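Colleague: with the sequence up front, the predicted model follows.
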Amino acid sequence: MMAEIENLWVKCPECGTVMYTSDLQENLSVCLNCDYHFRISAKERIELIADKGTFKEQFANIVSTDPLNFFDGKETYREKLQRTMERTGLNEAVIVGTCQIYGIDVELCVMDFNFLGGSMGSVVGEKITRAIEYAAKHKLPLIIVSTSGGARMHEGILSLMQMAKTSAALSYYKSNGGFYISVLTDPTTGGVTASFAMLGDVIIAEPKALIGFAGPRVIEQTIRQKLPEGFQRAEFVRDHGFVDIVVHRKELKDILYKLISIIYNNSR
Amino acid sequence: MEKYFSFEAPIVEIEKRIEELKSTTGLDDNSPEIRELRKQIEDLKNKIYSNLNEWQIVEISRHPNRPTFVDYLNSIFSDFVELAGDRYFGDDKAIIAGFGKLDGRSVCVIGQEKGKDLDDKVKRNFGMPHPEGYRKALRIMKLAERFKIPVLTFIDTAGAYPGIGAEERGQGEAIAKNLFEMAQIRVPIIATVISEGGSGGALAIGVADRVLMLEYAIYSVISPEGCASILWKDASKAPEAAKALKLTAKWCKEFGIVDKIIKEPLGGAHRNPEFVFNNLKSELIKELKVLSKFSPEQLIKMRYNKFRNIGAYEVK
């Protein structure tokens, strides 16, 4: 009963307003009162961006192994993966595929924070790299929607190297005429920020999304002082020159379409 | 003052006994008693150092007397000219970059420097670079590329600095840009992890045709302390985290991240730095000779494939 009530209503973590979950969902999971952008799943994001029925998932059959035999004291990495897959219905922290945006073919990668904090291990690196290579081969514009706590520590050094792998793939893609739009959503940090997320030809962010390399807690512990208001938020990052546009969720698809049709399609 | 680790205590114990014997009985180094004790030390060293666990290796990699980048710079290269600045913001002294000669041939040398005494450490921010350090490194690499000079990088950092200024000036972007650009630099690149390879801050000068690693260096996605505080909310469990992360040279070679392990003397590079400098120098000369046979296109293709193929997954 409690669960049902909780599911019926939702409280905005930013302004405290309580609203119907259905109203929130209808508003693209953006707070009706203060425009706070709730985190959404990869599937919801794809629905938001792709023309209805056009998304075709690729490389879904690539799954993680446990190269380090990583044990966190409670469970093995394999067990953790299994549990996360069952809980989320996802098989990894990114979904990639092709779709159309108002009729334009694009390659789309969307990360999901629910899957081990959107962390990048071998599979995330491999799927994104394959998506980039596919986009290069088929001359598709590329969109990657990031949300991630960074590289996945359970795969150790192999996770770190996914940063080099995806960045090298983007290097190849861009020098072969590719056009890449990076969309940063709350939160995008660590190894994902320090690789493909910051390599967009155009970088878009959702309002107030946390975007940074080091997480705010790590910085506070290092410098032993409180961080200024708005630090590492999308608007702050834009004002420091590392994001092009902060876009309200309801305008995201239109902006993506505009950028691709004006910039990329001009060369074709 | 020499620093010893707890696992070295039995050795120190015998060394003390030798000193005692020498001062109380007047025995000299050639006496059978002392020679026997010295042999015991050698046996113990062999035993202890051939069975070091991950955390002990982490400790050696951070030993206060361990050679730092400037020592390699001074011992391996001649005619070094340091160049400064990223041309946008400033000069980051956590990274030293410039040009010099290796065995008579021009090379570009870039490395992270943790510093020697306290003033120097502070000046170099304990080897934790800011974005301008990475941008300087890239600027120098691009200069090397124009004049067909190979690039040698030396990695020793706990990580890129987590601070307000670093974030404001785009730490993530600076690292990403280096990974992106290094993938297509048209000259040979050799990276050597000399002590601590801390995460993205290390990799930002580590995209190379050949990756070498010293025997007691570490290379990791996250520091053992960081990993322990995330997993167990307790940084003092770093030894367990070090074990779980498999961050040693042996493992990195096993995972295909590292091409060659550079042998250190028993106990670590600080016990006999010249031994390591010589080993590394001859290895660098050898590797450069091999790499110089390839065209820029071949190098870029091989480098791409090298990183492209890293990862562990199965296709179901």
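Modeller: Perfect, I can see it now. Numbering: from 1, shown residues only, chains lettered A, B, ... in the order given.
Colleague: I'd like the next helix or strand past the one helix or strand B:Ser282 maps to.
Modeller: Per DSSP states H and E: B:Ser282 is located in helix B:273-291. Going down the chain from helix B:273-291, the next helix or strand is helix B:296-308, by DSSP H and E.
Colleague: list the buried residues in that next one.
Modeller: By 16 or more other C-beta atoms under 10 Å in any protein chain shown, the buried positions in helix B:296-308 come out as B:299-300, B:303-304, B:306-308. Glycine gets a C-beta too; all of them are placed from N, C-alpha and C.
Colleague: in chain B, which residue is closest to the centre?
Modeller: Nearest residue to the geometric centre of chain B (C-alpha atoms, centre = their mean): B:Ile194, 2.0 Å.
Colleague: contacts only, for that residue.
Modeller: B:67-69, B:72, B:111, B:154-156, B:214, B:217 (C-beta atoms under 8 Å, 6 or more residues apart in numbering or on different chains).
Colleague: which parts of chain A are helices?
Modeller: A:2-8, A:21-26, A:42-49, A:77-88, A:122-137, A:156-175, A:190-193, A:216-223, A:234-239, A:252-259 (DSSP state H).
Colleague: the domain parsing of chain B - what is it?
Modeller: Following automatic domain parsing, one finds the domains of chain B at B:6-51, B:58-308.
Colleague: doesn't B:Tyr4 make contact with B:Val12?
Modeller: Yes. Using C-beta atoms under 8 Å, B:Val12 and B:Tyr4 qualify as a contacting pair, with a distance of 5.3 Å.
Colleague: where in the chain is pLDDT low?
Modeller: Using chain A here. Residues of chain A that meet the criterion pLDDT under 70 lie in A:1-6, A:267-268.
Colleague: looking at chain B here, not the other one
Modeller: Checking chain B against pLDDT under 70 turns up B:1-2.
Colleague: what segments of it are strands?
Modeller: Assigned by DSSP state E, the strands in chain B fall at B:78-83, B:95-102, B:105-112, B:151-157, B:189-198, B:210-214, B:218-220, B:260-262, B:313-315.
Colleague: got TSV for these, with distance to A:Lys165 too?
Modeller: Shown next, in TSV, are the strands of chain B (distance: least, C-beta to C-beta, whole Å):
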stretch	distance to A:Lys165
strand B:78-83	30
strand B:95-102	24
strand B:105-112	22
strand B:151-157	18
strand B:189-198	15
strand B:210-214	14
strand B:218-220	16
strand B:260-262	21
strand B:313-315	12
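Colleague: for residue 71, grab the count of nearby residues.
Modeller: Because you didn't say which chain, this covers chain A. Applying other C-beta atoms under 10 Å in any protein chain shown, we find 17 residues neighbouring A:Phe71.
Colleague: could you do chain B instead?
Modeller: 17.
Colleague: report the contact partners of residue 105.
Modeller: Going with chain A. A:98-99, A:140.
Colleague: switch to chain B, that's the one I care about
Modeller: B:Leu288.
Colleague: okay, and the beta partners of the most centrally placed residue in chain A?
Modeller: In chain A, the residue lying closest to the centroid (C-alpha atoms, centre = their mean) is A:Ser146, at 2.0 Å. Note on A:Ser146: beta-bridge partners A:Leu184, judged by DSSP bridges.
Colleague: identify the residues contacting it.
Modeller: Listed by C-beta under 8 Å, 6+ apart, the contact set of A:Ser146 reads A:111, A:118, A:182-185, A:188, A:192-193, A:196-197.
Colleague: B:Asp28 too?
Modeller: Counting by C-beta under 8 Å, 6+ apart, B:Asp28 has contacts B:22, B:34.
Colleague: with A:Tyr102 instead?
Modeller: Counting by C-beta under 8 Å, 6+ apart, A:Tyr102 has contacts A:51, A:253, A:257.
Colleague: equivalent analysis for B:Leu37, please.
Modeller: By C-beta under 8 Å, 6+ apart, the residues touching B:Leu37 are B:14, B:17-18, B:21.
Colleague: how close does it get to B:Asn272?
Modeller: 21 Å (C-beta to C-beta, to the nearest Å).
Colleague: redo the contacts of A:Asp105 as CSV? Include distance to chain B and neighbour count.
Modeller: What follows is these, written out as CSV (distance: C-beta to the nearest C-beta, whole Å; neighbours: other C-beta atoms under 10 Å in any protein chain shown):
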residue, distance to chain B, neighbour count
A:Thr98, 19, 19
A:Cys99, 23, 20
A:Leu140, 19, 22
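Colleague: distance of A:Ile62 from chain B?
Modeller: As judged by C-beta to the nearest C-beta, to the nearest Å, A:Ile62 and chain B stand 5 Å apart.
Colleague: was I right to think that residue contacts A:Val123?
Modeller: Yes. Contact criterion C-beta under 8 Å: A:Ile62 and A:Val123 qualify, at 5.4 Å.
Colleague: follow-up on the earlier one: now the buried members of the contacts of A:Ser146.
Modeller: The neighbour-count criterion (16+ other C-beta under 10 Å) marks A:111, A:118, A:182-185, A:188, A:192-193, A:196-197 among those as buried.
Colleague: kindly reformat those as TSV and extend each row with distance to A:Asn265.
Modeller: Listed next are the buried ones among the contacts of A:Ser146 as TSV, based on distance: C-beta to C-beta, whole Å:
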residue	distance to A:Asn265
A:Met111	26
A:Gly118	31
A:Ser182	19
A:Val183	19
A:Leu184	24
A:Thr185	25
A:Thr188	27
A:Val192	28
A:Thr193	29
A:Phe196	23
A:Ala197	24
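Colleague: among the residues you listed, which one lies nearest to chain B?
Modeller: Nearest to chain B among the buried ones among the contacts of A:Ser146 is A:Thr193, at 3.6 Å by C-beta to the nearest C-beta.
Colleague: what's the nearest residue to that closest one if we skip its chain neighbours?
Modeller: Ranked by C-beta to C-beta, 6 or more residues apart in numbering or on different chains and with sequence neighbours excluded, the top spatial neighbour of A:Thr193 is B:Gly172, at 3.6 Å.
Colleague: run a quick neighbour tally on residue 154.
Modeller: Picking chain A for this. Other residues within reach of A:His154, judged by other C-beta under 10 Å, total 27.
Colleague: oops, chain B please
Modeller: 27.
Colleague: hmm, back to that, who has more neighbours, A:Ile62 and A:Val123?
Modeller: Comparing A:Ile62 with A:Val123 by other C-beta under 10 Å, the one with more neighbours is A:Val123, at 25 against 20.
Colleague: the more buried one contacts A:Ser64, correct?
Modeller: Yes. Using C-beta under 8 Å, A:Val123 is in contact with A:Ser64, at 4.9 Å.
Colleague: show me whatever sits in contact with both of those two.
Modeller: Common neighbours of A:Val123 and A:Ser64 are listed as A:92, B:313 (criterion: C-beta under 8 Å, 6+ apart).
Colleague: residues from the stretch 1-150 of chain A in reach of chain B?
Modeller: Within the stretch 1-150 of chain A, the positions near chain B by C-beta under 8 Å from any C-beta of the partner chain are A:61-65, A:67-68, A:70-73, A:122-123, A:125-126, A:129.
Colleague: just the buried residues of those.
Modeller: A:62, A:64-65, A:67-68, A:70-72, A:122-123, A:125-126, A:129.
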